[in-house]
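Colleague: structure, please.
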Amino acid sequence: MVFFKPTVLAVLSITGIVALTACNAQETGKNVAIVNGVPIPQARMDFVVKMQQAQGQKDSEETRKQLREALVSREIVTQEAIKKGLDKSVDYQTQMDLAKQQVLVNAYLEDYLKTHEPTEVDLKAEYEAVKKGQYDPNGKEYKVRHILIKTPTKDDPKAQAAAKKKADGILAQLQKGAKFDELAKKNSDDAGSKAKGGELDWTDGANLVKPFAEAMKALGKGEDLIHYVTDRPGHDRRYAMDIRKVTEELGWRPRYTFADGLRETVEWYVSNPQWWERVRSGAYQEYYEKQYGDRVG
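Modeller: Purely as a prediction, here's the structure:
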């Protein structure tokens with residue numbers, strides 16, 4: 001009986017090796033190991049390392065040691081499977097054929113791209129074609145919340161009536177001023193949006209069931225959503241909450257991701273304590289009065 005260490009089994013599952021990554025090419029005398037007389041060629045190790053690096057993993061002695069253990073373990077299991085005749089099964093042969101086909105398809109595409117690298121003109125033309133086919137400048141997207149009440153089949157009128165009663169009760173609470181998000185968290189059967197108060201991602205309705213999409217597009221913004229407030233002196237008067245229009249029409253992209261920008265902001269404040277020390281001491285009030293003066297109510 002062959003025993004495997006848990007660490008080796010873990011490596012077996014995470015190395016990303018598929019059925020046909022064991023490259024047949026090998027150089028005489030250059031083997032990683034020999035298992036029951038069967039050599040594991042160095043070329044196989046090099047190929048797996050190359051795959052790991054392509055996924056962002058670093059090549060190190062420790063990594064190669066783990067990979068060697070994994071390759072040896074895989075060879076042992078493979079030999080045991082062959083002894084049992086598992087390589088003769090129809091399922092095995094089918095999977096091998098599909099895997100071989102996939103490897104050849106990938107190799108062909110990689111070779112094709114080496115000799116058919118698209119030009120900037122080609123890329124621009126393809127971009128415009130995709131944009132034209134997918135982007136509607138007059139289209140609208142919606143940001144909505146919903147409360148899903150699961151309804152049973154038509155064969156259960158009693159359960160249907162109960163679902164309708166529940167929906168009517170929720171509607172009555174909304175009409176009395178209850179908060180939609182709180183009701184969604186409490187009553188919605190949609191596990192994906194329930195925790196967010198029923199909030200869905202931006203959508204044009206194409207990914208929604210037809211009755212819901214039609215109702216969404218027919219709804220206007222309720223008057224109860226409009227709140228008139230006085231201007232806040234000293235604050236910006238316009239905020240950009242959505243950058244999709246400028247990215248789609250002008251191709252603009254932010255220089256920093258939110259995470260990078262946040263990290264650099266924190267690092268800057270750590271390196272420049274003179275800015276926030278004035279806030280803690282109250283000295284910033286002088287600057288505030290100088291800049292805004294009588295605008296501050």
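Colleague: residue ranges of the helices in the chain, please?
Modeller: 6-14, 42-54, 61-83, 90-115, 120-134, 157-175, 180-187, 191-194, 210-218, 244-250, 258-271, 273-281, 284-292 (DSSP state H).
Colleague: measure the spatially closest residue to His146 that is not a sequence neighbour to Gly282 for me?
Modeller: Using CB to CB, 6 or more residues apart in numbering and skipping residues adjacent in sequence, the residue nearest His146 is Gly198, 5.2 Å away. All C-beta atoms are positioned from the backbone trio N, CA, C, and that covers glycine. Here the criterion is CB to CB, to the nearest Å. By it, Gly198 lies 43 Å from Gly282.
Colleague: same check, this time on Pro273
Modeller: Applying CB to CB, the value for Pro273 to Gly282 is 16 Å.
Colleague: next one: Arg64
Modeller: Counting by CB to CB - Arg64 and Gly282 are separated by 60 Å.
Colleague: who has more neighbours, the two?
Modeller: Between Arg64 and Gly282, counted using other CB atoms under 10 Å, the more crowded position is Arg64 (16 against 8).
Colleague: so where's this structure uncertain?
Modeller: Applying pLDDT under 70 to the chain picks out residues 1-29, 133-138, 153-154, 220-242, 284, 288, 291-297.
Colleague: nearest residue to the middle of it?
Modeller: The centre of the chain sits closest to Asp201, judged by CA atoms, centre = their mean, with a distance of 13.6 Å.
Colleague: now the helices of the chain in TSV, with distance to Lys140?
Modeller: Converted to TSV, the helices of the chain look like this (distance: least, CB to CB, whole Å):
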stretch	distance to Lys140
helix 6-14	44
helix 42-54	41
helix 61-83	51
helix 90-115	38
helix 120-134	15
helix 157-175	24
helix 180-187	21
helix 191-194	20
helix 210-218	8
helix 244-250	12
helix 258-271	26
helix 273-281	42
helix 284-292	39
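Colleague: closest one to Tyr142 among those helices?
Modeller: Evaluated with CB to CB, those place helix 210-218 nearest to Tyr142, the distance being 5.5 Å.
Colleague: and the closest one, which residues are buried?
Modeller: 213, 216 (16 or more other CB atoms under 10 Å).
Colleague: just the C-alphas of it, formatted as CSV.
Modeller: Extracted in CSV, the C-alpha atoms of helix 210-218 (Å, rounded to 0.1, in the frame of the first residue of the first chain):
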residue,chain,number,x,y,z
LYS,A,210,-39.1,39.8,-19.3
PRO,A,211,-41.9,40.9,-16.9
PHE,A,212,-39.4,42.4,-14.5
ALA,A,213,-37.4,44.1,-17.2
GLU,A,214,-40.6,45.7,-18.7
ALA,A,215,-41.8,46.9,-15.3
MET,A,216,-38.3,48.3,-14.5
LYS,A,217,-38.2,50.3,-17.8
ALA,A,218,-41.8,51.6,-17.3
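Colleague: quick one: that helix to chain centroid distance?
Modeller: On the basis of CA atoms, centre = their mean, to the nearest Å, helix 210-218 sits 27 Å off its chain's mean C-alpha point.
Colleague: what's in contact with it?
Modeller: Here helix 210-218 makes contact (CB atoms under 8 Å, 6 or more residues apart in numbering) with 140, 142, 144, 146, 205-206, 208.
Colleague: tally of neighbours for the residue nearest to Lys30 when sequence neighbours are not counted?
Modeller: Of all residues beyond its chain neighbours, the one nearest Lys30 is Gln42 (4.2 Å), with distances taken as CB to CB, 6+ apart. Gln42 sits with 15 neighbouring residues when counted by other CB under 10 Å.
Colleague: which among the contacts of helix 210-218 count as buried?
Modeller: 144, 146, 205, 208.
Colleague: the residue nearest to His146: neighbouring residues, count only.
Modeller: Other residues within reach of Gly198, judged by other CB under 10 Å, total 21.
Colleague: also Ser188?
Modeller: Applying other CB under 10 Å, we find 23 residues neighbouring Ser188.
Colleague: OK, contacts around it?
Modeller: Ser188 touches 146-149, 194, 198, counting by CB under 8 Å, 6+ apart.
Colleague: how about Lys196?
Modeller: Contacts of Lys196 (CB under 8 Å, 6+ apart): Asp181.
Colleague: list the backbone torsions phi and psi for it.
Modeller: The phi and psi torsions at Lys196 (degrees, to the nearest 10) take the values phi -100, psi 20.
Colleague: how close does it get to Arg145?
Modeller: Using CB to CB, Lys196 is found at 8 Å from Arg145.
Colleague: now the common contact residues for those two.
Modeller: With CB under 8 Å, 6+ apart as the test, Lys196 and Arg145 both reach Asp181.
Colleague: what is the neighbour count of the residue nearest to Leu183 when sequence neighbours are not counted?
Modeller: Closest residue in space to Leu183, ignoring its immediate chain neighbours: Ile170 at 5.6 Å, by CB to CB, 6+ apart. By the measure other CB under 10 Å, the count of residues near Ile170 is 19.
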